[in-house]
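Novice: this is a predicted model, with the sequence first.
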Amino acid sequence: MSEDEGSGWILFASIVLAIAGVMRVLDGIWAIRADERVPALKDQLLGDQLNAYGWLYLLVGIVLILSAFALYQRSQLARWIGIIAGAILMISAAMWFTFAPVWSLVYIFIGVFVIYGLAVYGGRLDQLDGSPRT
């Protein structure tokens, strides 16, 4: 397998993770600044304060952005973070299917493509081409 084979998939996954990370950071900043109670969230894991969700979103966004940069360097940890992020993207999109079916399908397909790219082409270069590791 050549070095360039699959680099497009890795670039695609990196870009998707970076964009998702930036969106999570922006969501987090908004939620921290809003600092309101949302009664509909009363029985959820972090309670009904948007502030708590904002800090979680901010942390997740930073992890996604850092993994996007590390992924392009063929980091195995970033590869697994990306695969997990792709799975979470698909699961969370499925929950919104009744409200926005087209966008849910788009997000599910993006998650499938991220997982495919990272599972097939996300390994270290020396593992992909069969050459011995030095």
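Specialist: Good, I have the coordinates. Numbering: from 1, shown residues only.
Novice: let me know the pLDDT of the closest residue to residue 114 other than its chain neighbours.
Specialist: Spatial nearest neighbour of residue 114, chain neighbours left out: residue 86 (3.8 Å); criterion: Cβ to Cβ, 6 or more residues apart in numbering. For every residue, glycine as well, the C-beta is placed using N, CA and C. pLDDT for residue 86: 88.
Novice: so residue 86 touches residue 109, yeah?
Specialist: No: here residue 86 lies out of contact with residue 109, judged by Cβ atoms under 8 Å, at a distance of 10.8 Å.
Novice: the more surrounded of those two?
Specialist: Higher neighbour count among residue 86 and residue 109: residue 86, with 25 against 12, using other Cβ atoms under 10 Å.
Novice: which element, helix or strand, includes that one?
Specialist: Element membership for residue 86, per DSSP states H and E: helix 76-95.
Novice: by contact count, what packs against that helix?
Specialist: helix 7-34, helix 50-72, helix 101-121 (3 or more Cβ pairs under 8 Å, 6 or more residues apart in numbering; DSSP states H and E).
Novice: no more questions from me, cheers.
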